[in-house]
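> Sequence and computational prediction follow.
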Amino acid sequence: DFFTQPPSVDSPAVANLFYPNQGQLTDTQDSLVTDSVHYYTLHHYPQLYFGYGKMNMVWGHVDTVASTPDTLQRVDVSFLGSSNPTEAYPVDVMDSAGYLNYFLAHCPNGITNVHGSGSLLFTDIYSGIDAIYSSNNTGLKLTFICNPGSNPQEIGLAFEGDNGISVINNWELNVHTLLGDYAFEKPRVYQLDTNGNRITLPWHLNWNVPQSGEANFLGWGGFDGGKTLVVEVSRVAINQAASIQNLIWSTHYGGNGSGNGDEAPGQIIRDNSNNIYTIGHTISSNFPNATGYFVGQTNNLGLSDAIISKFSTFPGSLTSENLIWITYYGGTGSEEGKGIAINNNTQDIYFVGSTTSTDNSLPTSNTNNSTFFYNSHQGGILDAYFARISNSGINLEYSTYIGGNLQESSFVIAINQNTNSVYIGGHTLSDENANVPFPIQSSSNSNSYNQFVTEVIFQVLHFQV
């Protein structure tokens, strides 16, 4: 660590870790954005992306009505007047904290073990001044470190793609968009002595908007130019729900969408060590390839991926909310995660759901491509899928389409811990007499869904993978 991070009275928000983009992110045109987006956050609204000297804030509204367009708005925030758009450096990488895994259409072999960091450092954005993005209990936090000899009055922010910025109540900076506002609180300013202790100053800073798309600070007073000066800006606190009696713990779990059904839960299970596993799906807006307001009706904005997560607990209790990992699974269509089970003998995790990835983009690893289990889509607009991952979430050990000539969906899975057999349940419209049959039931009515249950012998799958 080549700098001293300033003290803070804020509580850290580990949900807003900063994750490196290793090729898992794409834009609204399905193109990789590794050149423009280097880091991003999860579970923060708006979604935050970071590149050279810039932060991208993305608001999203995904409409569940097919005839109504989905919408995104991207606002770019840079350092006003800075001639040095430096790259971000991760600080406090959380190797022991939760990590992310991606098995998607453009990375079917997986991008795994993506660890977040507690903050991002932009060095020398102005001569002798560094900027740190971190988070606290209200969300994003921006800290300017003004080293001795620097000129803090150079500091400012430039906005592009917004619908105006304004100062509210003489101290709050509001960024306006068509999909919502974002408010920065009144800046806090102090100095640090040689031991890193905080020195209170007798004056305060206020936000100022000198012209459209620009914001800086007014109210500068006297300070010791030989000591470090710190300016902190946080998000204005959002009203929190009242606490619930007898609640042991809970957590928000979501992404950057704001429409109905952005995140939907599936099943939740617990292993013999009281670790918790969840499955569901999320509508994650891809990175907009332009600033401002974006409307799309035939793009990927409304499509979802399955998400599988593991939370740790202390032995014999359910009092911890530590996220161990999240794994994303999906193709170019929509995937829903419905059922999840764990084999207590091997600790492998099995999950099922449905997919509209009819272009065979769903990552598959079925070495026994045959009737009922397929490496490719067989017909209809919807197929079930069945997959197995390691307990670390980083190895996709087995995955396959399940389907016939029409629609299938799977929503429940169970394991016989004595025989290691896997049971999958769902429904189908396919006909067993079609060219691509669904051979489970003895008769089928193509006008309505039929239920199916199938048994898979785990030992066979295990040796074939």
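Structure's in. What do you need? All figures in this text were calculated on a predicted structure; none of them were measured in a lab. Numbering: from 1, shown residues only.

> quick one, what contacts residue 341?
269, 349-351, 413-415, 422 (Cβ atoms under 8 Å, 6 or more residues apart in numbering). C-beta coordinates here come from the backbone N, C-alpha and C atoms, glycine included.

> so can I have a markdown table of these showing neighbour count, pLDDT and distance to residue 155?
Listed next are the contacts of residue 341 as a markdown table, based on neighbours: other Cβ atoms under 10 Å; pLDDT from 0 to 100; distance: Cβ to Cβ, whole Å:
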| residue | neighbour count | pLDDT | distance to residue 155 |
| --- | --- | --- | --- |
| 269 | 15 | 93 | 50 |
| 349 | 24 | 96 | 48 |
| 350 | 23 | 95 | 53 |
| 351 | 26 | 95 | 48 |
| 413 | 23 | 91 | 55 |
| 414 | 14 | 90 | 59 |
| 415 | 20 | 91 | 58 |
| 422 | 21 | 87 | 59 |
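
> of the residues you listed, closest to residue 146?
residue 349 (49.0 Å; Cβ to Cβ).

> Assess the claim that the closest one and residue 329 are in contact.
No. Counting by Cβ atoms under 8 Å, residue 349 stays clear of residue 329, with 11.2 Å between them.

> Give me the common contacts of the two.
By Cβ under 8 Å, 6+ apart, the residues touching both residue 349 and residue 329 are residue 308.

> Now for residue 226, how many residues are close by?
9 (other Cβ atoms under 10 Å).

> contacting residues for the nearest residue to it once chain neighbours are set aside?
Excluding the flanking residues, the one nearest residue 226 by Cβ to Cβ, 6 or more residues apart in numbering is residue 148, at 5.1 Å. With contact taken as Cβ under 8 Å, 6+ apart, residue 148 is in contact with 128, 225-228.

> Any regions of the stretch 51-200 of the chain where pLDDT drops low?
62-69, 96-97 (pLDDT under 70).

> residue ranges for the strands of the stretch 301-450 of the chain, please.
304-312, 322-329, 335-342, 349-355, 373-374, 383-389, 396-402, 408-415, 421-428, 450-457 (DSSP state E, counting those that start in this stretch).

> Was I right to think residue 135 contacts residue 143?
No. Assessed by Cβ under 8 Å, residue 135 is found out of contact with residue 143, at 11.1 Å.

> what about those two, which has more around it?
Per other Cβ under 10 Å, whichever of residue 135 and residue 143 has more neighbours is residue 135, with 24 against 20.

> ok but that one is inside a strand, no?
Yes. According to DSSP: H, G, I helix; E, B strand; the rest coil, residue 135 belongs to a strand.

> Pairing partners for it in the sheet, please.
Applying DSSP bridges to residue 135 gives these bridge partners: residue 140.

> Relative to residue 234, how far out is it?
9 Å (Cβ to Cβ, to the nearest Å).

> Now the common contact residues for those two.
Joint contacts of residue 135 and residue 234 (Cβ under 8 Å, 6+ apart) are residue 141.

> Make JSON lines out of the strands of the stretch 301-450 of the chain and add distance to residue 202.
Converted to JSON lines, the strands of the stretch 301-450 of the chain look like this (distance: least, Cβ to Cβ, whole Å):
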{"stretch": "strand 304-312", "distance to residue 202": "47"}
{"stretch": "strand 322-329", "distance to residue 202": "43"}
{"stretch": "strand 335-342", "distance to residue 202": "56"}
{"stretch": "strand 349-355", "distance to residue 202": "58"}
{"stretch": "strand 373-374", "distance to residue 202": "73"}
{"stretch": "strand 383-389", "distance to residue 202": "58"}
{"stretch": "strand 396-402", "distance to residue 202": "60"}
{"stretch": "strand 408-415", "distance to residue 202": "64"}
{"stretch": "strand 421-428", "distance to residue 202": "69"}
{"stretch": "strand 450-457", "distance to residue 202": "72"}
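
> Residue 412 reaches residue 338, doesn't it?
Yes. If you go by Cβ under 8 Å, residue 412 and residue 338 touch, sitting 7.1 Å apart.

> which residues in the stretch 151-300 of the chain form helices?
For the stretch 151-300 of the chain, applying DSSP state H, counting those that start in this stretch gives no helices.

> about what we covered before: of all the strands of the stretch 301-450 of the chain, which lies closest to residue 78?
strand 322-329 (29.4 Å).

> what packs against that closest one?
strand 99-104, strand 304-312 (3 or more Cβ pairs under 8 Å, 6 or more residues apart in numbering; DSSP states H and E).

> Show me what it pairs with in its sheet, parallel or antiparallel.
strand 99-104 (parallel), strand 304-312 (antiparallel).

> Just put those strands in a markdown table and tack on mean neighbour count and distance to residue 359.
A markdown table is the format used below for these (neighbours: other Cβ atoms under 10 Å; distance: least, Cβ to Cβ, whole Å):
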| stretch | mean neighbour count | distance to residue 359 |
| --- | --- | --- |
| strand 99-104 | 23 | 13 |
| strand 304-312 | 22 | 15 |
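
> quick one, which of those is nearest to residue 398?
strand 99-104 (11.9 Å).

> Centre of the chain to the one helix or strand residue 130 maps to, how far?
Per DSSP states H and E, residue 130 falls inside strand 129-136. Computed by Cα atoms, centre = their mean, to the nearest Å, the chain-centroid distance of strand 129-136 equals 20 Å.

> helices and strands around that strand, which ones?
Using 3+ Cβ pairs under 8 Å, 6+ apart, strand 129-136 sits against strand 117-126, strand 139-146.
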